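> My questions concern the predicted model and sequence given below.
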Amino acid sequence: MRAGPRNLITDVAGLRVGNGQDAELRSGATVLVGDAPFVAGVHVMGGAPGTRETDLLAPDKLVQEVDALVLSGGSAFGLDAASGVTDGLRAAGRGFAVGDQRVPIVPAAILFDLLNGGDKGWDDNPYGALGRHALDTAGVTFGIGTEGAGYGATVMDIAGGLGSASVVLDNGVTVGALVAVNAIGRVCDDEGRFFAAPWELDDEFGGRTAGCLDPTWEPGGKHDAGQATTIAIVATDATLTQAQATRMAIAAHDGMARAIQPSHTPMDGDLVFAVATGATSLPETDVHGLRLGHAAATCLSRAIARGVYAAESGILPSWRDNHG
């Protein structure tokens with residue numbers, strides 16, 4: 001495996017990502033949009049998810065492709081970011097055709113960042129505008145760390161953030177990951193060694209050897225208030241059915257569990273979307289997607305560490321403040 005040229009999810013050709021954030025709000029939204037509709041699946045393992053239009057991603061549902069996916073802060077309020085994206089796509093003539101109407105399909109997931117010190121006393125929900133800005137500025141390059149949906153994110157003891165990574169397999173298939181890291185758990189040990197270190201490529205998050213979790217871990221600090229949830233997207237240029245995409249999302253959760261300890265708790269809404277653009281065929285040597293699932297998991301682990309590694313300090317110090 002090797003990282004793609006940008007080491008971002010947009011190394012999967014045909015995908016763009018945009019961020020919108022508000023410093024006073026200390027929150028934001030991130031959109032992944034395709035040049036054309038794409039196959040998508042989803043799998044939820046957290047106990048407290050917040051989602052929009054995820055039911056239609058089941059393989060037995062009518063709509064088999066979506067126009068965009070949204071990750072947002074703001075808890076339930078943040079689901080309105082998808083409304084801004086939907087409005088923008090409709091204005092561009094995008095969406096599922098129903099008679100003479102177009103209905104953009106934009107599933108979304110949110111994380112909880114309402115207690116991070118930002119100004120949450122709005123009269124009008126700000127997330128629709130953040131989602132629209134993210135769509136309007138989407139491109140193949142974008143910021144990670146304190147950006148978009150990860151703008152106000154935290155992990156147990158340091159700042160969280162928006163992360164991304166990619167990998168090109170020996171068979172030519174590209175896999176990418178995008179994640180907003182806002183975990184109740186930890187992503188590194190007391191020495192700053194990321195749990196994702198065994199899968200690091202080219203010193204992308206510090207080049208330190210792997211740490212191990214203190215077995216006496218207990219919830220504490222800021223997350224006593226219940227602020228949690230890591231939401232992610234994994235993508236590939238391979239051709240997958242919706243059922244196969246769902247299996248890739250399930251496999252990618254392994255990468256979240258490797259990088260965040262503990263993960264998938266009752267207090268968070270950990271979720272992974274999976275995207276397949278269909279630009280290439282899945283090689284016969286991986287007809288069941290075994291290598292694809294493993295690549296998605298390792299790529300997500302790396303993206304989680306990269307998001308925290310790049311984050312700036314906020315209500316909690318950054319990784320660089322403590323270990324840089």
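Received it, and whenever you're ready, just let me know what you need.

> Could you tell me which residues make contact with Gly192?
Residues counted as contacts of Gly192 (CB atoms under 8 Å, 6 or more residues apart in numbering) are Gly206, Arg208, Gly211, Trp319, Asn322, His323. The C-beta positions use only the backbone N, C-alpha and C, and glycine is treated the same way.

> Is it part of a helix or strand, or is it coil?
Following DSSP: H, G, I helix; E, B strand; the rest coil, Gly192 is assigned to coil.

> Which helix or strand contains Cys35?
I think there's a mix-up here, since residue 35 is Asp and not Cys. strand 27-44 (DSSP states H and E).

> Then Ile233?
strand 231-238.

> ok, that strand: who's next to it in the sheet?
strand 174-181 (antiparallel), strand 271-280 (parallel) (DSSP bridges).

> Can I get the last one in PDB? Just the C-alpha atoms.
This file holds the C-alpha atoms of strand 271-280, laid out as PDB (Å, rounded to 0.1, in the frame of the first residue of the first chain):
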ATOM      1  CA  LEU A 271     -21.000   5.800  12.200                       C
ATOM      2  CA  VAL A 272     -19.300   5.100   8.900                       C
ATOM      3  CA  PHE A 273     -20.700   5.800   5.400                       C
ATOM      4  CA  ALA A 274     -19.100   4.000   2.500                       C
ATOM      5  CA  VAL A 275     -18.900   5.400  -1.100                       C
ATOM      6  CA  ALA A 276     -18.200   3.700  -4.400                       C
ATOM      7  CA  THR A 277     -17.800   5.800  -7.500                       C
ATOM      8  CA  GLY A 278     -17.600   2.800  -9.900                       C
ATOM      9  CA  ALA A 279     -14.800   4.200 -12.000                       C
ATOM     10  CA  THR A 280     -12.900   0.900 -12.000                       C
END
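
> which stretches of the stretch 201-324 of the chain have low pLDDT?
Scanning the stretch 201-324 of the chain for pLDDT under 70 picks out the ranges 210-227, 285, 287-289.

> Correct me if wrong: Asn322 contacts Ile158.
Yes: taking contacts as CB atoms under 8 Å, Asn322 lies within contact range of Ile158: 6.3 Å.

> So for those two, which sits in the more crowded spot?
Neighbour count, other CB atoms under 10 Å: between Asn322 and Ile158, Ile158 has more, with 24 against 16.

> Contacts only, for the more buried one.
Cys188, Val308, Ala311, Leu316, Pro317, Ser318, Trp319, Asp321, Asn322.

> among those, who's most crowded?
Val308 leads these on contacts (other CB under 10 Å) with 32 neighbours.

> And that one, how far from Asn19?
The gap separating Val308 from Asn19 is 17 Å, by CB to CB, to the nearest Å.

> longest helix of the chain?
helix 290-310 (DSSP state H).

> Can you tell me which helices and strands it packs against?
strand 161-168, strand 174-181, strand 231-238, helix 242-259, helix 319-323 (3 or more CB pairs under 8 Å, 6 or more residues apart in numbering; DSSP states H and E).

> Deepest in the core, which of the ones you listed is it.
strand 174-181 (a mean of 32; mean count of other CB atoms under 10 Å).

> could you give the angle of the strand holding Ile233 to helix 242-259?
130 degrees (axes from the mean of the first three to the mean of the last three CA atoms, to 10 degrees).

> Give me the pLDDT for Asp190.
At Asp190, the pLDDT value in this model is 85.

> burial of it, as a residue count?
When neighbours are counted by other CB under 10 Å, Asp190 comes out with 11.

> Can you give me the separation between it and His323?
9 Å.

> Same question for Leu240.
Taking CB to CB, one finds Leu240 at 38 Å from His323.
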